[in-house]
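[1] I need the structure of the sequence given here:
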Amino acid sequence: MTYVLGHNQYGKAEVRVVRVFRDQDPHELVDYNVSVALTGDFAAAHTSGDNTLVLTTDAMKNTVFGFAKEREEAVRTPEGFGLALAEHFVQDVPQVATARVKVEQYPWRRAHGHPHAFVRSGEHIRTATVTHRPEGVTVVSGLRELTVLKTTDSEFHGFYTERFTTLAPTTDRIMATSVTAQWCHADPAAGTDWDDSFTRVKDALTSTYAAAHSLALQHTLWDMGRAALDAAPEVVEVRLSCPNKHHFVVDLAPFGLENDHEVHHADDRPYGLIEATIARDASVDVSHAYDPGQAW
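    Numbering: from 1, shown residues only. Below is the predicted model:
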């Protein structure tokens, strides 16, 4: 019986690196979680135990640390750092065909204006996935764990009903979610200002969520995605994944109290999970640009 080795990759996952910029006062810092995955001429390591062409994952970890020092400008943004690392692994290690570098950035804010003290900011985690393959380079920027809530201007009614439908329609509800968003750039070689691009998309997503009158979370995702594309012409498509963080109005009638959408029970599970892709051109396939390890 013969066997065939299918798709295979390997790498170093979750290298935690913090880079402090001491060449300026006040100090600046970036805090990253970096994962590297490589594909290429590595079949022999599986089929015969021949490690001749295997770049050690320890070397990948050390490259992350070394580049954090050497590539001072690139390391200032997750996209720039991912591009520098992915280019190195493909161009400088001959047996590597494709490199995918995923970078998560944990935000910090200055503590009470102090030049050298910071407080971890939990508003969101910024992400970037860079894929360097023979066909070209793609960059997917993003964010996750951006929790947003609006107390009104959200409805949900007119939905399909059958014998298991018990949810009551509503014209006024709390709508809350934790946004995971990813957006693919058309041309990463075009000299994109990554911080500016990220801010424009994030602001478009959050401002639209706040301002749009919602008839469903699906309706809001459509508005958010279109607004992001309008704000960033350099972006090809936006992928959104939003769990519905339910807030149910508590029945206070047994206690002789009226509850006009004032007291709610926040229920963390089960939850609806709404996902959508909003693209400029449906014929453009950039699915290869996304990290296959992510749910969306």
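[2] where exactly do the helices run in the protein?
    With helices called from DSSP state H, the chain shows them at 43-47, 57-70, 78-92, 194-211, 217-231.
[3] Of those helices, which stretch is the most buried?
    helix 78-92 (a mean of 22; mean count of other C-beta atoms under 10 Å). For the C-beta atoms, the positions are set from N, CA and C on the backbone; glycine is no exception.
[4] now the strands: where do they sit in the stretch 51-200 of the chain?
    Using DSSP state E, counting those that start in this stretch, the strands of the stretch 51-200 of the chain run over 96-105, 108-110, 118-120, 125-133, 136-150, 175-185.
[5] want to try CSV for the ones you listed, with mean pLDDT and distance to E14 as columns?
    Output for the strands of the stretch 51-200 of the chain, formatted as CSV (pLDDT from 0 to 100; distance: least, C-beta to C-beta, whole Å):
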stretch, mean pLDDT, distance to E14
strand 96-105, 98, 9
strand 108-110, 90, 19
strand 118-120, 89, 18
strand 125-133, 97, 13
strand 136-150, 96, 15
strand 175-185, 97, 18
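[6] now these in a markdown table, with distance to P270 and mean neighbour count?
    As requested, these are arranged in a markdown table below (distance: least, C-beta to C-beta, whole Å; neighbours: other C-beta atoms under 10 Å):
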| stretch | distance to P270 | mean neighbour count |
| --- | --- | --- |
| strand 96-105 | 27 | 23 |
| strand 108-110 | 34 | 14 |
| strand 118-120 | 30 | 12 |
| strand 125-133 | 24 | 23 |
| strand 136-150 | 18 | 20 |
| strand 175-185 | 15 | 23 |
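[7] Quick one: the ones you listed as CSV, columns for distance to V18 too.
    Below are the strands of the stretch 51-200 of the chain laid out as CSV (distance: least, C-beta to C-beta, whole Å):
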stretch, distance to V18
strand 96-105, 11
strand 108-110, 9
strand 118-120, 10
strand 125-133, 15
strand 136-150, 19
strand 175-185, 24
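[8] Out of the helices of the chain, which gets nearest to V18?
    Checking the helices of the chain against V18 by C-beta to C-beta gives helix 57-70 as the closest, at 8.5 Å.
[9] Dump the closest one to CSV, keeping only the CA atoms.
    Output of helix 57-70 as CSV, limited to C-alpha atoms (Å, rounded to 0.1, in the frame of the first residue of the first chain):
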residue,chain,number,x,y,z
THR,A,57,11.5,26.6,15.1
ASP,A,58,14.0,27.9,17.6
ALA,A,59,15.7,29.8,14.8
MET,A,60,12.3,31.3,13.9
LYS,A,61,11.9,32.5,17.4
ASN,A,62,15.3,34.0,17.5
THR,A,63,14.6,35.7,14.1
VAL,A,64,11.6,37.4,15.6
PHE,A,65,13.7,38.7,18.5
GLY,A,66,16.6,39.7,16.2
PHE,A,67,14.3,41.5,13.7
ALA,A,68,12.6,43.3,16.6
LYS,A,69,16.0,45.0,17.2
GLU,A,70,17.4,45.3,13.7
